[in-house]
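# Could you look at this predicted model? Sequence included:
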Amino acid sequence: MTETSPTTTASPTTKASTTTTAGSDFIPGGSSPTPSSPISSSPQPTAAVVAAATPVAAAAPEPVTAVRTTSASATGDQLARIEDKCARIEDKYARSEALLSKVEDKVEGAAQRMNEAARQSDLTALRSEVRAIADRTKRLPGAGALVLTAVITAVLTVVLTIAVQRLNLQALIPV
């Protein structure tokens with residue numbers, strides 16, 4: 001690989017290559033030229049190609065301010081797109097927050113309904129137990145039956161005690 005420098009004057013193709021490299025050193029928006037790049041191993045351009053390329057390279061470049069204006073407007077456009085995207089993302093975030101708050105409300109409502117259902121099932125279980133206890137107590141004898149049983153027991157005890165004493169069966173009663 002051979003490098004060409006701007007001071008080389010050996011052949012017309014070398015001069016043409018220095019002209020094209022000097023013309024390609026211009027970078028829009030930049031102020032310092034870049035060092036010339038090495039020539040590739042591809043065949044050297046002919047004089048007709050170099051002559052055709054020279055007027056293009058010799059054409060007056062656009063003013064630097066115009067390039068900066070377009071780069072500034074491109075940067076402004078890019079910033080505007082970024083701001084639009086940010087605004088859309090913020091809108092989506094706000095919608096997501098609204099949906100989440102609705103979901104929270106629905107979850108809280110469902111939790112309250114479940115608590116009420118649990119209370120209702122607890123109340124239902126409690127009611128069924130109270131009914132079972134009430135059924136058991138209903139089968140018990142009432143106060144009148146207890147008094148009647150007590151009177152009958154007392155009378156029978158007195159009658160039996162008198163019968164044992166008259167028949168002289170006291171020896172059968174353990175002391």
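On my side now, so go ahead.

# Average pLDDT for stretch 79-89, rounded please.
Across stretch 79-89, pLDDT averages out at 93.

# do stretch 99-108 as well
Model confidence over stretch 99-108 averages 93 on the pLDDT scale.

# Check the chain for its longest helix and report it.
For the chain, the helix that runs over the most residues, judged by DSSP state H, is helix 64-139.

# Where does residue 161 fall, secondary structure wise?
Using DSSP states H and E, residue 161 falls within helix 143-166.

# related to what we said a few turns ago, what is the longest helix of the chain packed up against?
Counting contacts by 3 or more CB pairs under 8 Å, 6 or more residues apart in numbering; DSSP states H and E, helix 64-139 packs against no other helix or strand. C-beta coordinates here come from the backbone N, C-alpha and C atoms, glycine included.

# before we move on, back to that, list the buried residues of the helix holding residue 161.
Using 16 or more other CB atoms under 10 Å as the test for burial, helix 143-166 gives no buried residues.

# Which other helices and strands does that helix contact?
Secondary elements touching helix 143-166 (3+ CB pairs under 8 Å, 6+ apart): none.

# Show me what that helix is in contact with.
Applying CB atoms under 8 Å, 6 or more residues apart in numbering, the contact partners of helix 143-166 are 141, 170, 172-173.

# ok, so of these, who is nearest residue 125?
Of all the contacts of helix 143-166, the one with the least separation from residue 125 (CB to CB) is residue 141, at 29.1 Å.

# which SS state does that closest one fall under?
Secondary structure, DSSP: H, G, I helix; E, B strand; the rest coil: residue 141 is coil.
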